[in-house]
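[1] Need a 3D model of the sequence below.
(2 chains)
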Amino acid sequence: MEQYEPDRLSPARAAAMRRSFTSGRAALTRRSLLRASAGGALAVGGLGTLSACGIPPAGKTEGGVSSDDRSKEEKVVNFSNWTEYMDVDESGRRHPTLEAFTKRTGVKVKYTEDINDNGEFFGKIQPQLSAGQETGRDIIVLTDWLAARLIRLGWVQKLDPANLPHAFANLSPQFRNPDWDPGRAYSYPWQGISTVIAYNKKALDGVEVKTVSDLLDNPELKGRVGFLTEMRDTVGMVLLDMGKDPARFTDDEYDAAIARLQKGVDSGQIRRFTGNDYTADISKGDFAACLAWAGDVVQLKADNPDVDFVIPDSGYITSSDNMLIPNKARHKTNAERLMDYYYEPGPAAQLAAYINFVCPVDGVKDELAKIDEDAANNPLIIPDQAMQGRSRAFRSLSPKEETAYEEKFAKLTGA
Amino acid sequence: MSTLTEAPPPLSPPAPEDKPPRKRGRWTPYWLLLPGILWLVVFFAAPMIYQASTSVQTGSLEEGYRVTWHFVTYWDAVSEYWPQFLRSVAYAASATVLCLLLGYPLAYLIAFRAGRWRNLIMILVIAPFFTSFLIRTLAWKTILADGGPVVGALNTLHVLDVTSWLGWTAGDRVLATPLAVVCGLTYNFLPFMILPLYTSLERIDGRLHEAAGDLYAKPSTVFRKVTFPLSMPGVVSGTLLTFIPATGDYVNASLLGSADTGMIGNVIQSQFLRVLDYPTAAALSFILMAAILAMVTFYIRKSGTEDLV
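    Just a heads-up that it's a prediction; the model follows:
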């Protein structure tokens, strides 16, 4: 057993052994590695590094926006949109209106459906925009409140009216002057969204639902009522129901609406708050009634005759998804031409016939009737006078209000 | 006989043939580690530092965020959101226990009894993972629908009366209750339990069972004294792989839960994406990480398997 007796080792073997403890494989134990990497992390992540991080103020990135418009040299436009927000042909892969645009103008459209959620998308583009870098997108489509925030932060480019003659002429009056972008200097609506009450006749089983109060107070609907995770839609509808105007309300009125909803949560009247996934709940009948987006209801109704909608006498909330051109976009003129193209009655009708949201373009009804008579007469797609009269928009919020209101609403929804 | 721990006598100068010392292999381990370390630095260390910094900043989007060493954020976050923390741990722990109870027999079956069906069953365990997490979770909304057969059966058997009394469900429904969230978590993380369990069970030498039988051990004793202790590495790594991601999950709670089942992941998500309170979101993430680290350390110490994982 002489190998266990180091004092009898030959000098060469002893040296080899000592080496093995100080270098080579054995030297790199898990422990030493952990120690080394922890030390490294501490060194790298020292306090200095922590303070060096930070987000620059938003205003700094404004300016220098459209100086390098390469629309002439590069005949492309990068268009980021929500999923299922564009017409497709039978094969399901091609977009006829976009192809017609390319055919006419020679501008190729790189169409990406990479927007699923306003908040999520903002988180995605915020680092680039706040650092004054390009996002690789020429058109993005965002809901009112987020569009308002980007305009406020100076992260989107002012549009050139010369490139938007149809848009200027045909934009329907109810979308012309939002308080966050008067006269549409920065944005044009892609589609309008109406928030209404949807119900499932089978699940209601004779119970009548006509107002938001019915949703909140009727004990027969306990645990079978849904509201939306979009704060403006849910609170806006409750404010309307309370006789307040969502376009001009105070902090106290907002708190009162939240309190009203909180009562519904505490009593178990409200089953849950949903994003787009309410469509499954209402068509299966797990929701007897819920707040819903009209474009979805048109499609749900086509699939399931039990689903229908009602517009409360107190009114309903209208918002829109808006096309914007982010700072540093490389193809601004091409983007504006594409925006304008969707304000021609032809393409607008083709789009409206396919996606069933509120068409923001005036004078589309006749064109739409040629494609789909029912759609042309559906007030959810082409709002009539009575419908337009009851539509209300949620007012834009100051940054402080936005944080406070979202915080209160997040607490209400349990997150 | 002397041992290695004794101090070796002073070494004589290295023999001539040992000189110059072989330098060749010295840096090899580090070179091999380089890709992994780089990966960790870029995708783990850098974001961690960034988040650590964010958690002590104050400001707004308009004014920008600056580091002000505002540690109060941590305290505020805990005092405001401790119910969601507790709920996350409770849901994740329940899901982990359920996974263990469901997964152990299955892993045992695959390892010892499945014979030529082994590969098929393994594929069946993994197959659901070929579809997206979201789709799998949404499928539970169909399975547990109010008017569906599952809830109907549970109502007929009066199971839901018991669970309602316990506060796990509400009325005669399962969806939008804690039970639904725990079911979703259990389902989504079950393979992370089964795979490590299977690996460690499969390694057990079948002759040990025979030997135990030869020594007059009953089958239950064999399991208790031989099989289960030998499968401990699988149990520990399985529970960790289930518990850790389940604690931070927010998809199940937001799709299968209600306003009363919000987990900490939901809070972090809404703070980050909706309220835009980045410091609070970052602080919550760090508190969650610290809490999980503490719980896991305690667990590994208790189960006495430091060298097994």
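
[2] Going by neighbour count, which residues of stretch A:151-164 are buried?
    A:151-157, A:159, A:163-164 (16 or more other C-beta atoms under 10 Å in any protein chain shown). Glycine gets a C-beta too; all of them are placed from N, C-alpha and C.

[3] count of neighbours near B:Lys225?
    Using other C-beta atoms under 10 Å in any protein chain shown, the number of residues around B:Lys225 comes to 13.

[4] Now do the same contact list for it.
    Under the criterion of C-beta atoms under 8 Å, 6 or more residues apart in numbering or on different chains, the contact list for B:Lys225 reads B:212, B:217.

[5] wait, what's in contact with residue 144?
    As the question left the chain open, I've gone with chain A. Counting by C-beta under 8 Å, 6+ apart, A:Asp144 has contacts A:178, A:180, A:232, A:319-320, A:322, A:393-394, A:396.

[6] Actually, chain B is the one I wanted.
    By C-beta under 8 Å, 6+ apart, the contact list for B:Leu144 reads B:150-151, B:174-175, B:180, B:183, B:256.

[7] would a markdown table of these with secondary structure, pLDDT and neighbour count be doable?
    Shown next, in a markdown table, are the contacts of B:Leu144 (DSSP: H, G, I helix; E, B strand; the rest coil; pLDDT from 0 to 100; neighbours: other C-beta atoms under 10 Å in any protein chain shown):
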| residue | secondary structure | pLDDT | neighbour count |
| --- | --- | --- | --- |
| B:Val150 | helix | 93 | 13 |
| B:Val151 | helix | 93 | 21 |
| B:Val174 | coil | 94 | 27 |
| B:Leu175 | coil | 94 | 28 |
| B:Ala180 | helix | 96 | 25 |
| B:Cys183 | helix | 96 | 21 |
| B:Leu256 | helix | 94 | 26 |
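
[8] contacts with chain A among those residues, please.
    Counting by C-beta under 8 Å from any C-beta of the partner chain, B:Leu175 from the contacts of B:Leu144 sit close to chain A.

[9] between the contacts of B:Leu144, which is nearest B:Ala52?
    B:Leu256 (32.5 Å; C-beta to C-beta).

[10] Help me confirm that A:Asp362 comes into contact with A:Ala167.
    No. With contacts counted by C-beta atoms under 8 Å, A:Asp362 stays clear of A:Ala167, the gap being 11.0 Å.

[11] ok, back up a step: out of the contacts of A:Asp144, who has the most neighbours?
    In the contacts of A:Asp144, the most neighbours by other C-beta under 10 Å go to A:Asn322, 28 neighbours.

[12] So for A:Asp362 and A:Ala167, which sits in the more crowded spot?
    Taking neighbours as other C-beta under 10 Å, A:Asp362 and A:Ala167 compare with A:Ala167 leading, 23 against 17.

[13] Once you drop chain neighbours, what's closest to the more buried one?
    Distances taken as C-beta to C-beta, 6 or more residues apart in numbering or on different chains put A:Tyr343 closest to A:Ala167, at 4.1 Å, once the chain neighbours are dropped.

[14] and that neighbour, which of the three is it?
    Following DSSP: H, G, I helix; E, B strand; the rest coil, we place A:Tyr343 in the coil state.

[15] and the next element down the chain from the helix or strand in which A:Glu367 is found?
    Using DSSP states H and E, A:Glu367 maps to helix A:365-371. Following helix A:365-371 in sequence order, the next helix or strand is helix A:373-376 (DSSP H and E).

[16] check contacts around the residue positioned nearest the centre of chain A.
    Residue closest to the average C-alpha location in chain A (C-alpha atoms, centre = their mean): A:Asn118, at 2.6 Å. Neighbouring residues of A:Asn118 by C-beta under 8 Å, 6+ apart: A:142-143, A:145-146.

[17] ditto for B:Tyr278
    A:55, B:54, B:57, B:65, B:271-272.

[18] if you set the cut-off to 7 Å instead, what comes out?
    Applying C-beta atoms under 7 Å, 6 or more residues apart in numbering or on different chains, we find B:Tyr278 in contact with B:54, B:65, B:272.

[19] my guess is the second one contacts B:Val56, does it?
    Right, B:Tyr65. No. Under the criterion of C-beta atoms under 7 Å, B:Tyr65 makes no contact with B:Val56, lying 10.1 Å away.

[20] how about the contacts of A:Asn118 in JSON lines, adding secondary structure?
    Output for the contacts of A:Asn118, formatted as JSON lines (three-state DSSP):
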{"residue": "A:Leu142", "secondary structure": "strand"}
{"residue": "A:Thr143", "secondary structure": "strand"}
{"residue": "A:Trp145", "secondary structure": "helix"}
{"residue": "A:Leu146", "secondary structure": "helix"}
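
[21] which stretch of helix or strand covers the nearest residue to A:Pro379 once chain neighbours are set aside?
    Using C-beta to C-beta, 6+ apart and skipping the chain neighbours, the partner closest in space to A:Pro379 is A:Met387 (4.4 Å). Using DSSP H and E, A:Met387 maps to helix A:385-389.

[22] So what's the gap between that helix and the chain middle?
    How far helix A:385-389 lies from its chain's middle: 26 Å, per C-alpha atoms, centre = their mean, to the nearest Å.

[23] How about the longest helix along chain B, which residues are buried there?
    Counting residues, the longest helix found in chain B (DSSP state H) is helix B:72-108. Neighbour-count burial for helix B:72-108 flags B:73-74, B:77, B:81, B:84-85, B:87-89, B:91-96, B:98-100, B:103-104, B:106-108 (criterion: 16+ other C-beta under 10 Å).

[24] Pop the domain breakdown of chain A in here.
    A:61-191+A:320-381, A:193-318+A:399-412 (automatic domain parsing).

[25] Redo those as JSON lines? Include mean pLDDT.
    Listed next are the domains of chain A as JSON lines, based on pLDDT from 0 to 100:
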{"stretch": "domain A:61-191+A:320-381", "mean pLDDT": "91"}
{"stretch": "domain A:193-318+A:399-412", "mean pLDDT": "95"}
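
[26] Would you indicate which residues of whichever helix or strand B:Gln51 is part of are buried?
    Under the criterion of DSSP H and E, B:Gln51 resides in helix B:46-55. Within helix B:46-55, the residues that count as buried by 16+ other C-beta under 10 Å are B:48-55.

[27] before we move on, what about stretch A:89-100?
    Buried, per 16+ other C-beta under 10 Å, within stretch A:89-100: A:95, A:97-98.

[28] Residues in contact with that stretch: which ones?
    So stretch A:89-100 is contacted by A:86-88, A:109, A:111, A:347, A:350-351 (C-beta under 7 Å, 6+ apart).

[29] Report all helices and strands that the longest helix of chain B contacts.
    Packing partners of helix B:72-108 (3 or more C-beta pairs under 7 Å, 6 or more residues apart in numbering or on different chains; DSSP states H and E): helix B:178-202, helix B:232-248, helix B:264-270, helix B:278-303.

[30] Mind checking if the third one is in reach of chain A?
    The reference is to helix B:264-270. Yes. Helix B:264-270 is in contact with chain A by C-beta under 7 Å from any C-beta of the partner chain, via B:266-267, B:269-270.
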